[in-house]
Structure formats: C-alpha cells, structure tokens
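Trainee: what would the 3D arrangement of this be:
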Amino acid sequence: MSDFGLPEYDQHREWIRNARERNMTWEQINYAGGKDDKDLEEFLRSQSVMNFWKKVDCDEWRELVRLQKDAEEQTQTIDYLSGQAMILGEGEDNDVTVPRDPKSAWQLYRNKLLERGFKEEVVDEMERTTLKILKRLSSDTTNIKPIKGLVIGNVQSGKTANMAALMAMAADWGWNMFIVLSGTIENLRQQTQNRLLNDLNCQGNLNWYGLEHLSKRPMLGQRTQDLHFDKASKQRYFTVCLKNTGRLKGLIQWLQSDANKQRQMKILVIDDEADQAGINTAKINSSAIRTINRLIRDLVNGKNEKSQKIDNKYRAMNYIGYTATPYANILNEAAEDSLYPRNFISTLSVSREYFGPQQIFGLEDGEYDYDGLDVVRIIRDKDLLAIKEIHTEGSLHIPLALQNSICWFLCGVACMRIWGYKKPISMLIHTSQKTDHHSNIAKAVREWIISKGSNEIIDECEKIWEDETKRFTFEKFREQYPQYDRKDEEINKYPLFSEVSKELGVLLKREPTNIPLDEDDDFTYHEGIHMCIDNCKNNGVNDDGMYVRLAYPTEDNMPTPAPAFIVVGGATLSRGLTIEGLISTFFLRSVSQADTLMQMGRWFGYRKGYELLPRLWITFKTNSQFKFLAELDQELRDEIHEMDTLGKSPANYGPRVKNTPKASFIRITAKNRMQSAQATDMDFSGSFNQTYLFDNNVETLKNNMKKTREFMRHHQFV
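Mentor: Numbers count the residues shown, from 1 in each chain. Predicted structure coming up:
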C-alpha cells in the first residue's frame, strides 16, 4: 500500500484542493472532472507527462481523494490567529458523540462555563475540539499500544478548562480514572486539584472523587480495592500528581496494587505543561533515561516503578500532553516507548478575546501582516545600568522606565476602581532570577513611593496618564486588534484624570505593605498597595507579622475596593501561576530559549473589562525575541494545519519548527531537549509551486516567452 503522506503526492493533493475551491463535488473529483475511469486514466497520464506527477492508477487516485475528503470533514477552516487543527496517526476514530443528557458530566460542565460568562460560540468550539480529541482515544488498549497524543494550547489561554472538558466528556463515555501530571510546585498542584473538583463535581449522572498523594499505602478510603471501576459504576476518580520521583513511584504502585481493579481501569493521563520536568534530557542514543521521564513512561507503558514488565494490563491507557511550548515534545525523541505523540497532535483554538504573542507583538511574514498593539515600551540602556546597581549594590535609585511603569500601574488601579472592577489588580516586576535581587528591587520601589509622597506621585502619574492615553487610544486599539470580539460599548474607555486623581489619593493614603495577618493569622487586605516578593527563599511571614509572598484573596473574601498588588519575583512567577488583573509589567530577564521565554509571558491572556490598560516595559532584544516567537508559534500551527490537510501522520513525519541562525539571539529549546531535531535548508512551504493554469491569449504567451529568453540569456543559462 502506498504512503500517500509523502511529498511526491503533493501535486495530486493540490489539484484536489483547488477543485474543491472551485466547488467541484467529491463525485466529480473521483473522475477528475471526467465521466468514467477511461477519462480519469487519460487525465492521470497527461499530468504525469506534462506536469511530472508521480504515476498513480485509478484506485490510488480515489484513495487520495478519500483521504482529502476525510481531512476536510475532520478539520474546519482555520482562522489564522485562532484556528484549531489536528494531525492524526494510523487507526480509526472511535464512535463517540457529544453527550446530550442534561445530567451528563459534559452538559453540566458546559452549563457551568456559560454561567461564568463564556460565550456560547466559545463553548461550542471547545465542544468540537474536545470531541475530536476524544475520538482519537481508545477505551480498550488491551490488544494495542497506549494512545499517545499532544495538545498545543496558548500561554495563559485557559488550558485547564479544555482539560476539564475532556475529562467530563470522557467520563460520560466510560473512562473512570483520570491522572493529571502537574508541575513541580505543590501549591499550584493543590490549586489544580481543587479547581477540577469544583468544576466537575456536580449533581448529575456521575460522582467525582478527588484522590490525593496516592501510594502503596494510601489514606483511608483511597485503596484501589475499596473503589469502583466496574462498567456499571457511576464513580469517576481523578488525582493531580506532581512530577517528582516519590509521587510518581507511589502513583504507579497504587495503580498496580490490585490486579482485578487494574484490569477495570480506563485511564486518561493528562500531562499538564508536558514540556516541563518530564522531558528526557539524557542522551537518547544511550540506555540512560532521566528518572521523571522514565517513571512517566513506565506509567503509560504499563510497567512497574522499576521499569519491569508486568503481566497485568489496564483496560485502557491514554496519554495526552498539554503545553503551549511543544518544541521539546516533538523534537527530542520519537522511540516507540517514548512519550512522543505518535497518534495525534492537535492545536487548541482561542477566542477572539485572547491577547497572545501575535496580538501584542504583531506578525509579518509575507502572507500575514499583523501590526500588534502599541503597548510595548522599550527600556533604555542607562535604565538597565540603574537596575544593575539596585541588584548588586542595593541602590535605592529606580530608573525612569521603572518609575513610569509604577505610575502607570497606579493610574490603572485607580481607573479600574472607577469602573467598579471587583478582582485583584497587579503589577509584575521580573528583573532577575536571584532571590536577593528581588528583595533589593522591592525595597527600592517601596522607598521611592514613600519618599516621593502622594502629591508628587500624583503629578508624575498625570504626565504618564496624558502620554499613554494619547498614544494608545480606543480607536487605535480597534485598528490594531480588529478581530477583538466585543462591542464598542462593552469596552471601558479612559476616564478623565480628575477622576483618576481622586482614586490615587485613596490608593496612596497609606504606605505600601506586605499582606497583613490578623490575630487568627488570616490574610487581611487594605485600600493601599500590597508589596509581594514571591520566590522560593521567602517562607511567607516576615518579622512584622506580615505575609510576604503573593496571596490573592478568595472570591468569598474579596475586599472593596479592588486590592492592588506589586509582585516582585522570578522562577515561581514564570510558569503556571496566573497574575490576576495584570496591567503593568517591567520585565528584564535575558533568556536564550524560546520555550522558556514564551512561558514567562504572564501578560498573555484575557483582559475583559480593562482592554486598554495593559502595558509592557521590556528591552529591545526581548522585544525582538518575542516578535520572533510570534512567528515561530504561528508557523508551527500552520504546519500542523498543513500536515492535517495532507494527511501526514506524526508517527512518520515530525513537524517542522522554524529556527534562527543565531543561537546567541535565541534557541528553540535547550540542546538536550531537541536531540532528534534534523536541520534542513528546504523552504517552509512544504509543496512544489508549479504553474498549471495559463492565460489563453496568444500575445500574452508570446511576451512571456520573450521575457523568459531575455532572462535566461542575461544570466547565461543559454
């Protein structure tokens, strides 16, 4: 059987696509516009002679047509900034459909999303995407290998909602054990565990149970023999497990502690941030494997925690990695027992309310021309020197760019309070990975606010307010993000500074502090600025009895007016954590890897209610890097769409990823995370461009021939 995913069939597929664009039916295309096989044979022969097509017979042609038809039916037309596609491996889709019972887990979760303010078209798209992924999973892998896939989301775009949607729909169809592999930070793991339980545990057909810290000797009531995995059971179980050695070993031991229960388990493993912690960075051509990667492999491939084969099998094992930066997942290793997504790679769409790399930094690659939003401010070199003095010498002098970013934050807080915003509002200062530097920066910022005094700061704020509101107007926002899916009247406009000034007086009435603790050691919040230093060095509480790290109030404990936070930190703020109400960012980190830098973009996300306020202060180099990342991200998504259209399997064809010739500018990812990457100088189009339609005018054709001869003589081709 021919492999129709090969490039030698590109011309055939291109003809079929063009025929569809000209509204030819699939029946007409089956005969290439002719009446029968005789006409088709003549068409194929002439294309082979005149246009150098690879020779195919009538049956092979019809198979190519069938593959293109399947691809069209499975893939909706993709909007270039918010599209969704999937490339598939071999194997048939299962026959699952969207659950319609109002008491089903999916319908209950769907209603919850709508109640939270998700637009119906956004939830509909999530439903289509979820069904498409679910169709590639298997509820019985006892006689086949585990299903392995990859879902590519966007930074700060709500991947958790998509994961919960997949869990809900899979639960309705009988999957009964869900394992979410979280990152490496316990408080984020706990946050995910609580959120999933809250999202999924509704009064309906199914009962959800969250299991924690599973091991060979679990907590009371969490032994596998005490749980119900049989086909008739309405119980569904999930656990969120840190990607560390002890937790993963304990999880595997728990899963395999009862052979009968193990044979009943239909498992879906969701690897959140799949490019973090679990990548094998040992040499892939050796027998060595990094421990975390080995344990995840053992979990998925049905081995025990010592990598030994066992006789017993799970009823079903499915593994899906979720990440916004998939470069290591597709470039590092593709061995059969690895975590490479052999069965499918899918991209998640985002709504037209998302602020991502293309929206903020723009995109210019010839085919697309997208300006980006005028919200980025470049930090001058002399300001960088001043920051260095704060880091190393404890200087209290903060440079102009940082002063401007603080003043804009203060104006933004005042503005959002005028609008009646009810959630936390934040500024992020990310200048270094060193914890001592964080303390110095926080001290300098606090001293500057105190020493200036409220009147002088309000004067500085007025200058910034006038400059920024004239530079980035509502009209400019509409011009630069024309697809933004909210009506004009739904977007808050800048108030007059006289109104802002009154709120600034309230905000600056008291000095900035850490988060106060009351007599019961509960967090309390005030109308002023909360200074937070979030890093692994701070244990939380300082000598004055205040909490230093970032801790937002809960929905049940939200103060009025909206609380304001200036957050200084490094690695703990770089991935996974959402900085709520982020309107001002001062970002200096110099990072040489694309995936690391993209994940640091805490300013990506949704900004409903304060679309005009976000600003970003970065260096010229970082700005250039993010512009490159916007192209890199979009071209990978286009590549996956192209592979989907051409029917290429991820098991046979690795996606192409754009690179930059200067490693000093930025790498795609670390060298030991892209060991199977193969460099190539071929162009990125993936197809052979060839003229096959000619103007039917004699004079035009003669002139074309004349120009061609002149060109060839000039370049000494003839």
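
Trainee: quick check: phi and psi at Val541.
Mentor: With angles defined as degrees, to the nearest 10, Val541 sits at phi -110, psi 130.

Trainee: who touches it in this structure?
Mentor: 517, 547-548 (Cβ atoms under 8 Å, 6 or more residues apart in numbering). All C-beta spots, glycine's among them, are computed from the backbone N, C-alpha and C.

Trainee: got JSON lines for the residues you listed, with pLDDT too?
Mentor: Shown next, in JSON lines, are the contacts of Val541 (pLDDT from 0 to 100):
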{"residue": "Leu517", "pLDDT": "90"}
{"residue": "Tyr547", "pLDDT": "91"}
{"residue": "Val548", "pLDDT": "91"}
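
Trainee: any idea which of those is closest to Asn162?
Mentor: Asn162 lies nearest to Tyr547 out of the contacts of Val541, by Cβ to Cβ, at 32.6 Å.

Trainee: tell me how far the residue nearest to Gln625 when sequence neighbours are not counted lies from Ser592.
Mentor: Distances taken as Cβ to Cβ, 6 or more residues apart in numbering place Ile666 nearest to Gln625, at 5.1 Å, with adjacent residues excluded. For Ile666, the distance to Ser592 equals 6 Å [Cβ to Cβ, to the nearest Å].

Trainee: those two: who's more crowded?
Mentor: Each of Ile666 and Ser592 had its neighbours counted (other Cβ atoms under 10 Å), and the higher figure belongs to Ile666 (22 against 13).

Trainee: correct me, but that one touches Ser590?
Mentor: No - the pair Ile666 / Ser590 is not scored as a contact, 10.3 Å apart, by Cβ atoms under 8 Å.

Trainee: out of the contacts of Val541, which are inside strands?
Mentor: In this view, the contacts of Val541 that belong to strands under DSSP state E are Tyr547.

Trainee: which residue, other than its chain neighbours, is closest to Asp172?
Mentor: Closest to Asp172 by Cβ to Cβ, 6+ apart is Pro99, at 4.2 Å.

Trainee: now do the same contact list for the one you found.
Mentor: Neighbour list for Pro99: 105-107, 169, 172-173 [criterion: Cβ under 8 Å, 6+ apart].

Trainee: same thing but at 7 Å, please
Mentor: Pro99 makes contacts with 106-107, 169, 172, as judged by Cβ atoms under 7 Å, 6 or more residues apart in numbering.

Trainee: just to revisit the earlier point, nearest to Phe229, of the contacts of Val541?
Mentor: Nearest member of the contacts of Val541 to Phe229, counting by Cβ to Cβ, is Tyr547, at 42.2 Å.

Trainee: dump the contacts of Pro99 to JSON lines, plus distance to Gly505 and pLDDT.
Mentor: As requested, these are exported to JSON lines (distance: Cβ to Cβ, whole Å; pLDDT from 0 to 100):
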{"residue": "Trp106", "distance to Gly505": "50", "pLDDT": "95"}
{"residue": "Gln107", "distance to Gly505": "50", "pLDDT": "95"}
{"residue": "Met169", "distance to Gly505": "51", "pLDDT": "95"}
{"residue": "Asp172", "distance to Gly505": "55", "pLDDT": "93"}
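
Trainee: pick out the most distant pair among these.
Mentor: Counting by Cβ to Cβ, the most remote pair of these is Gln107 and Met169, 9.7 Å apart.

Trainee: which one of the two is surrounded by more residues?
Mentor: Set Gln107 next to Met169 and count neighbours by other Cβ under 10 Å: Met169 wins out with 25 against 21.

Trainee: show residues contacting the host helix or strand of that one.
Mentor: Using DSSP states H and E, Met169 falls within helix 159-172. Here helix 159-172 makes contact (Cβ under 7 Å, 6+ apart) with 99, 104-106, 109, 113, 126, 130-131, 133-134, 153, 178, 180, 192, 195-196, 199-200, 206, 236, 238, 268, 270, 272, 322, 348.

Trainee: quick one: buried ones out of those residues?
Mentor: Those of those that meet the buried threshold are 99, 104-106, 109, 113, 126, 130-131, 133-134, 153, 178, 180, 192, 196, 199-200, 206, 236, 238, 268, 270, 272, 322, 348, by 16 or more other Cβ atoms under 10 Å.

Trainee: residue ranges with poor pLDDT in the chain?
Mentor: Within the chain, the stretches with pLDDT under 70 are 1-7, 72-93, 287, 365-369, 575-576, 661-664, 670, 680-693, 715-718.

Trainee: at 50 what do you get?
Mentor: Low-confidence segments of the chain (pLDDT under 50): 75-82, 91, 684-688, 718.

Trainee: mind checking the SS state of the residue nearest the centre of it?
Mentor: For the chain, Asn154 is the residue whose C-alpha lies nearest the centre (Cα atoms, centre = their mean; 2.3 Å). Under DSSP: H, G, I helix; E, B strand; the rest coil, Asn154 falls in the coil class.

Trainee: I'd like the distance between the nearest residue to Ile449 once chain neighbours are set aside and Asn318.
Mentor: Leaving aside its sequence neighbours, Ile449 sits nearest to Pro512 (Cβ to Cβ, 6+ apart; 5.7 Å). Counting by Cβ to Cβ, the separation of Pro512 from Asn318 is 49 Å.

Trainee: pick out whichever of those two has more residues nearby.
Mentor: Shown here are Pro512 and Asn318; by other Cβ under 10 Å, Asn318 has more neighbours (25 against 19).

Trainee: ok now do the more buried one, which residues does it touch?
Mentor: So Asn318 contacts 137-138, 146-147, 267-269 (Cβ under 7 Å, 6+ apart).

Trainee: farthest pair in the residues you listed?
Mentor: When Cβ to Cβ is used, the two most widely separated members of those are Ser138 and Val269, lying 12.9 Å apart.

Trainee: between these two, which one's more packed in?
Mentor: Counted by other Cβ under 10 Å, Ser138 and Val269 do not tie: Val269 has more neighbours, with 23 against 19.
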